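Undergrad: show me how the following folds:
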Amino acid sequence: MAPTETTLTIANRRVRYWQAGAAENYPILLIHGGVGDGRLHWHAALPLLADDYFVLAFDLPGFGGSDPIDGGLEAHVEWIHAFLDEMHLEAAALVGNSFGGLLVRAFASRYPARVPAAIIINGGILPNITPFFAQLARLPVIGPALFNFIGGAACSRGSINRMIYVKRVASEAFVREVATYAKSFGRTLRLTAAHPIPQNLTPPVPTLVLWGIEDQLAPLDEAQHLQKTIPGAKLVQIADCGHMPQLEEPEVFATQVKDFLYQIRNPRASKLPGAGRLS
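TA: Here you go, the predicted model:
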C-alpha cells in the first residue's frame, strides 16, 4: 500500500508526515534518525508494515517538511506527544532508528501508558555530554559552528560508509540527499547537548533492541549495553546489515517488527506493563 504524504500544524508549526494502512488497525509510529528525513528512512519498510498496521512516519522538527522547534530531548518528547494527540491516537507502538531510538526511549519512559511496545534500532545510547561540551553548545556563535561541523561529519560519505553495510543502499544519490540534512542534524545535536537530558530513560514497556551487527558507527556492544539497561528488553541481531536495517534489509526488518508485536499481543509474551494491549 503506497504511503500518503500529509501535513498538519502543531503549535503553529508545520509537520509533514506519511501514513499507510487501514486507520482501524493498530498504529505504529516510525521515528527517523539524523541522517535524513522520514521518507528517506522509512520508504522501503513502511509499505511492508502497512499490510497489518496503521503506519505513520513524520519528519522530525527541522527536517524535511517540518518546522524546527527550540529545545532538547524533552521538547522533542512533548512534540511527539502533541503529534499523537493531533492524530487522535491514545497509544502507538514506537519504532526509532539511531537518534530516533533515543527519542523512543525517552518518550516511552515519560509516557509509558501511550507506548504498548518500543523498538530501538541501532541507536538509543545516551551521548556523553560533558558540562564543558554543553556550555559550548549554548554559545551563540561557536555553538552553531561547532555542531554544523559535527552534523556535516555525520552526514559525510565516510560516515555513511561506516554505517551502511549493504552497499547498494549507499549510492551517490543517497549520499547527496543525506548531505542536505547536515545542518538539521547539527542543530538537533546542539539543542540536545544544550538542554538537560531527562533523568528517566528506562522505558517500563516491552522493548525490542533490533541491531544490524555490521554497523561500525554503533557496534554490537552498544546494543548489549542498552539491553542490560532496560529490564526485560529483547535483543535481536541482524546479520550482514549495518546501521539502517529498514533500508538495508527491509523484509527482515518488517518481519522482526511484526513478530515482536505479535508476541506482545499475547499476554504470556511479557509480564511488563503494556503486554497484551495491542489489538
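Undergrad: by mean pLDDT, flag the weakest helix or strand of this protein.
TA: helix 131-138 (a mean of 91; mean pLDDT, DSSP states H and E).
Undergrad: that helix: which residues count as buried?
TA: Judged by neighbour count using 16 or more other C-beta atoms under 10 Å, the buried positions of helix 131-138 are 134, 136-137. (C-beta placed from N, C-alpha, C; glycine too.)
Undergrad: would you mind writing the CA trace of it as CSV?
TA: Extracted in CSV, the C-alpha atoms of helix 131-138 (Å, rounded to 0.1, in the frame of the first residue of the first chain):
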residue,chain,number,x,y,z
PRO,A,131,29.5,20.2,31.2
PHE,A,132,32.1,21.9,29.0
PHE,A,133,30.6,20.5,25.8
ALA,A,134,27.1,21.6,27.0
GLN,A,135,28.4,25.1,27.6
LEU,A,136,29.9,25.2,24.1
ALA,A,137,26.6,24.2,22.6
ARG,A,138,24.9,27.2,24.3
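Undergrad: chain center to the helix or strand just after that helix: distance?
TA: Once the chain leaves helix 131-138, the next helix or strand it forms, by DSSP states H and E, is helix 142-154. Centroid separation between helix 142-154 and its chain, computed with C-alpha atoms, centre = their mean, to the nearest Å, is 21 Å.
Undergrad: what helices or strands is helix 142-154 leaning on?
TA: helix 131-138, helix 182-194 (3 or more C-beta pairs under 8 Å, 6 or more residues apart in numbering; DSSP states H and E).
Undergrad: as TSV, those with distance to residue 201 would be great.
TA: Listed next are those as TSV, based on distance: least, C-beta to C-beta, whole Å:
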stretch	distance to residue 201
helix 131-138	17
helix 182-194	13
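Undergrad: follow-up on the earlier one: which strands or helices does the least confident helix or strand of the chain pack on?
TA: helix 142-154, helix 182-194.
Undergrad: do you know which of those helices lies nearest residue 241?
TA: Checking these against residue 241 by C-beta to C-beta gives helix 142-154 as the closest, at 19.6 Å.
Undergrad: returning to that earlier point: which one of the helices and strands packed on helix 131-138 is the most hemmed in?
TA: Most buried of the helices and strands packed on helix 131-138, by mean neighbour count (mean count of other C-beta atoms under 10 Å): helix 182-194, with a mean of 22.
Undergrad: show me where this protein has its helices.
TA: Read by DSSP state H, the chain holds these helices, from start to end of the chain: 38-42, 46-49, 73-86, 99-110, 131-138, 142-154, 157-163, 172-179, 182-194, 220-229, 245-248, 250-265.
Undergrad: got the buried residues for the last one?
TA: Yep, that's helix 250-265 we're talking about. For helix 250-265, by 16+ other C-beta under 10 Å, it's 250, 252-254, 256-258, 260-261, 263-264.
Undergrad: distance to residue 223 for the residues you listed - can I get that in CSV?
TA: Listed next are these as CSV, based on distance: C-beta to C-beta, whole Å:
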residue, distance to residue 223
250, 20
252, 16
253, 15
254, 19
256, 13
257, 16
258, 20
260, 15
261, 20
263, 19
264, 20
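Undergrad: I'd guessed residue 245 sits against residue 121; true?
TA: Yes. With contact defined as C-beta atoms under 8 Å, residue 245 counts as touching residue 121 (6.1 Å).
Undergrad: that older thread, now the angle between helix 142-154 and the least confident helix or strand of the chain, please.
TA: Here the directions of helix 131-138 and helix 142-154 differ by 100 degrees (axes from the mean of the first three to the mean of the last three C-alpha atoms, to 10 degrees).
Undergrad: who's in contact with the closest residue to residue 66 other than its chain neighbours?
TA: In this structure, residue 66 finds its nearest non-sequential neighbour in residue 59, 4.0 Å apart by C-beta to C-beta, 6 or more residues apart in numbering. By C-beta atoms under 8 Å, 6 or more residues apart in numbering, the residues touching residue 59 are 15-17, 32, 37-39, 65-66.
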